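[1] just the structure for this:
(one chain, ligands or ions: 1)
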Amino acid sequence: MVASAPGKVTLFGEHAVVYGYPAIVASIDKRIYVNAELREDEKIRINAQDLRTSGVIVSISNGEIQITTDYGRTLSAIGYLNKAIELTSEYLGVRKGVSLEVRSEMPVGAGLGTSAAVSVATIAAYSACLGYELSKDEIARLGWEVEKSVQGIASPMDTSIATFGGVLKIWFEGNTIYRVPLHVGSELPLVVSYVEREKSTRDMVMWVKSLRDKHPELVNGILEHIGRTTLEAEKALVGGDLREIGVLMNINHGLLEALGVSSRRLNEVVHTARMAGALGSKLTGGGGGGASIALTLPDNIDILTNVLKLVTPHVFRTNIQYEGVRVNHLSD
Ligand code: MEV
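    Residues are numbered from 1 along each chain as shown. Predicted coordinates:
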C-alpha cells in the first residue's frame, strides 16, 4: 500500500486556532508518501532516508562558528510515524508488524505541515494494509490525536488539511471540529520561502501559552484580532480580491510578530517580499524560523521569486492543490 498526504500553508490564523479561533489553510502541491508492507513478525521497521531536511545550519555564537544539521527534525518526524502506528492499532484493535518507507517532496519541520502529512499518510497506509478503509473523518481525528500526543498541544488544523485537502476554514470547540471548504474567487500566486528553523512548532505553541498565562488580557486581545483578520480574509478570498488578501496577510504577520513567534530572518524575508512587489506576506505555520508566504499579482511572480532567492536559497512557487489523503495499492 502507498498512501500520500499534502503539505499545507496556513493563509490566516495560526496560533489563534489553538485557542478556538478560526484559521484558513490550503493544501499545496507537495506531498509525503508512505509505503507500508505488513511483516511476518511484530516489528515496525522505518526507512525514512528520504525525509529531506533543510540541511546544515551555520551560526556564530561568542565569536565561534557553529555548524549543526537538521537531522533531529527527521528523528522527530519518526516520532509521529511511531505514534500513528500505535494509535491506529489501538483504534482498530489489531496489531501487526509493518515496514514503512517514507518519502517527502518538501522540507521537514519548516512549518509546511510535514508532521501532520506523515501522521495522516501513515494512518491511511497502515489501516489499509490491515484491511480497513477508514473514513476521512476517522483519519483526521486519529491524526489529531497523534499530534496532540507528540506535541502536547495542537489544533486539528494541520491534520484536517492533510486529510481533506483544498482550502478550509477550520475551528474547534472541545472535541468538535468545524471545517468549511472555501471556493477562492481567483488564482493565488504564492511564493513560499523558508529559512533555518530556530524553534519547533511545539516550542512556539508553548511560548504563546506562557505569554498568555502571564499577560492574559493582552494576548487574548491579539488572538481575537487574528481571528477577526481571518474572518475578513474569508470574504476577500471568496471574492478573489488579491489586494485585500495581501493587506490582511500583512496585518496577520504584524499580530504574529506581537506574539513573539516571528524571527529576525523571517522578518527579513517577509519585508523583502513586500519590497519586491508582493501584495502581502507573512510567516506561515508555527514560526520561530521556517516558512513564509508571499502573495503577488501573476505578472510579478518571476521578479518576486528571484529577489527572494537573494535572501534565502529555499524558495518555491506553489499551487493550491485540492486533493487530500490518497491510498493506492502498489499494483495500481
Ligand atoms: C502549526 O502549523 C500551526 C499552529 O497553529 C499549531 C496548531 O495549530 O496546532 C502554530
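
[2] hey, where'd the strands end up in this structure?
    Along the chain, the segments classed as strands by DSSP state E run 2-12, 23-38, 44-50, 56-61, 64-69, 98-104, 167-173, 176-181, 190-195, 280-283, 290-295, 315-318, 326-328.

[3] list the buried residues in the longest helix anywhere in the chain.
    Counting by DSSP state H, the longest helix found in the chain is helix 216-239. By 16 or more other Cβ atoms under 10 Å, the buried positions in helix 216-239 come out as 219, 222-223, 225-230, 232-234, 236-237. Quick note: C-beta positions are derived from backbone N, CA and C, even for glycine.

[4] residues in the stretch 101-250 of the chain within reach of the ligand, list them.
    Contact residues, the stretch 101-250 of the chain versus the ligand (Cβ under 6 Å from any ligand atom): 111, 113, 154, 155, 157, 158, 201, 205.

[5] isn't the third one up against residue 146?
    I take that to be residue 154. No: with contacts counted by Cβ atoms under 8 Å, residue 154 stays clear of residue 146, the gap being 9.0 Å.

[6] give me the more crowded residue out of those two.
    Comparing residue 154 with residue 146 by other Cβ atoms under 10 Å, the one with more neighbours is residue 146, at 28 against 23.

[7] so what does residue 314 have for phi and psi?
    phi -100, psi 90 (degrees, to the nearest 10).

[8] for it, which non-adjacent residue is spatially closest?
    residue 194 (4.7 Å; Cβ to Cβ, 6 or more residues apart in numbering).

[9] same question for residue 278.
    Using Cβ to Cβ, 6+ apart, the closest residue to residue 278 is residue 294 (4.0 Å).

[10] and the one you found, what does it touch?
    By Cβ atoms under 8 Å, 6 or more residues apart in numbering, the contact set of residue 294 is 190, 191, 193, 270, 273, 274, 278, 280, 281, 304, 308.

[11] what pLDDT does the model give the last one?
    Right, residue 308. Looking at residue 308, its pLDDT stands at 97.

[12] go ahead and confirm it touches residue 272.
    Yes: counting by Cβ under 8 Å, residue 308 does reach residue 272; the two are 6.3 Å apart.

[13] from residue 108, how far off is residue 12?
    24 Å (Cβ to Cβ, to the nearest Å).

[14] more neighbours: which of these two?
    Using other Cβ under 10 Å, the more surrounded residue of residue 12 and residue 108 is residue 12, with 29 against 23.

[15] in the sheet, who's paired with the residue lying closest to residue 266 once chain neighbours are set aside?
    Using Cβ to Cβ, 6+ apart and skipping the chain neighbours, the partner closest in space to residue 266 is residue 283 (5.0 Å). Going by DSSP bridges, residue 283 is paired in beta bridges with residue 292.

[16] next, count neighbours for residue 283.
    29.

[17] swap in residue 107?
    Residues contacting residue 107 under the criterion other Cβ under 10 Å number 25.

[18] all good on my end, thank you.
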